[in-house]
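Chemist: Quick one: sequence and predicted model below, then my questions.
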Amino acid sequence: MNIILFGPPGAGKGTQAKKLESLYGYKHLSTGDMLRAQIAQGTPLGLKAKEVMDRGELVSDDIVIGMIKSYIDAGECLRGAVFDGFPRTEAQAVALDNMLDQCEQGIDIVVEIDVNDEILIGRILKRAEEEGRGDDNVEAFKTRLAAYRAYSGEVLPYYKERNLHTRIDGMGSIEEVKEALQNTLDKSQAA
Ligand code: AMP
């Protein structure tokens, strides 16, 4: 199964993707994590991306599509994947469909995790203390949230038209959200 977890910064996409990876063996593919790995290694790509990320803006389609492509080409999608933070533009969504099509797969479901803004900012500030991410501060968070509002209006219709979109309540505990997610995936597999 190929799943897209969609939601604002702080919605818990990464946390839930890791749960799905250990429960079902689906590969967790996070473009944000891949970019942070490039930054940590000090690669030219990482240096280029860091400034954009620290401002809370989107890096270019070519960069993120290229990173996902290298995983898919390496066979990572064969047992299914959980896409976290990708796609964020319609061009990325189209590229993802084309890449999956080449291994005779497709997106099975897009789960939008709903969380209100006050809870999000609390989670982001907590993560700033725990992980020290360059973009986990109030200013960058506001830009990321505005970016999210804009790109969700671009990406979600693409999946709604294909009847692949669904939403879950992301305001409960990690366990509660995990259960809601599992129920949703079970239902979609049974359908
Ligand atoms: P995330 O960890 O998913 O919140 O991503 C952190 C930052 O990485 C974002 O604010 C963007 O600057 C960049 N980024 C991650 N994924 C993408 C993507 N699919 N398209 C463009 N930029 C991305």
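Modeler: Now that the structure is in, tell me what you want to look at.

Chemist: With only the CA atoms kept, save the helix or strand bottoming out on mean pLDDT in the chain in PDB.
Modeler: The weakest-scoring helix or strand in the chain, judged by mean pLDDT, DSSP states H and E, is helix 117-131 (a mean of 90). Presented in PDB, the C-alpha positions along helix 117-131 are these (Å, rounded to 0.1, in the frame of the first residue of the first chain):
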ATOM      1  CA  ASP A 117      -3.500  26.000  15.000                       C
ATOM      2  CA  GLU A 118      -3.100  26.400  18.800                       C
ATOM      3  CA  ILE A 119      -2.200  22.800  19.300                       C
ATOM      4  CA  LEU A 120       0.200  22.900  16.300                       C
ATOM      5  CA  ILE A 121       2.200  25.900  17.700                       C
ATOM      6  CA  GLY A 122       2.500  24.200  21.100                       C
ATOM      7  CA  ARG A 123       3.800  21.000  19.500                       C
ATOM      8  CA  ILE A 124       6.300  23.000  17.300                       C
ATOM      9  CA  LEU A 125       7.700  24.800  20.300                       C
ATOM     10  CA  LYS A 126       8.100  21.600  22.200                       C
ATOM     11  CA  ARG A 127       9.900  20.000  19.200                       C
ATOM     12  CA  ALA A 128      12.200  23.100  19.000                       C
ATOM     13  CA  GLU A 129      13.300  22.300  22.600                       C
ATOM     14  CA  GLU A 130      13.700  18.600  21.900                       C
ATOM     15  CA  GLU A 131      15.300  18.600  18.400                       C
END
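
Chemist: does that helix come close to the ligand?
Modeler: No. Interface with the ligand: helix 117-131 contributes nothing (C-beta under 6 Å from any ligand atom), its closest point being 9.8 Å away. C-betas here are computed from N, CA, C, even on glycine.

Chemist: Could you give me the buried positions within that helix?
Modeler: The neighbour-count criterion (16 or more other C-beta atoms under 10 Å) identifies 120, 121, 123, 124, 128 as the buried residues of helix 117-131.

Chemist: Please apply the same query to stretch 56-68.
Modeler: Neighbour count says stretch 56-68 has 56, 58, 59, 61, 63, 64, 65, 67, 68 buried, by 16+ other C-beta under 10 Å.

Chemist: what do you get for stretch 99-109?
Modeler: Burial within stretch 99-109, assessed by neighbour count using 16+ other C-beta under 10 Å, is assigned to 99, 100, 105, 107, 109.

Chemist: Give the closest residue to residue 143 in space, chain neighbours not counted.
Modeler: If you skip the residues right next to it in sequence, residue 143 has residue 56 as its closest partner in space, 3.2 Å away by C-beta to C-beta, 6 or more residues apart in numbering.
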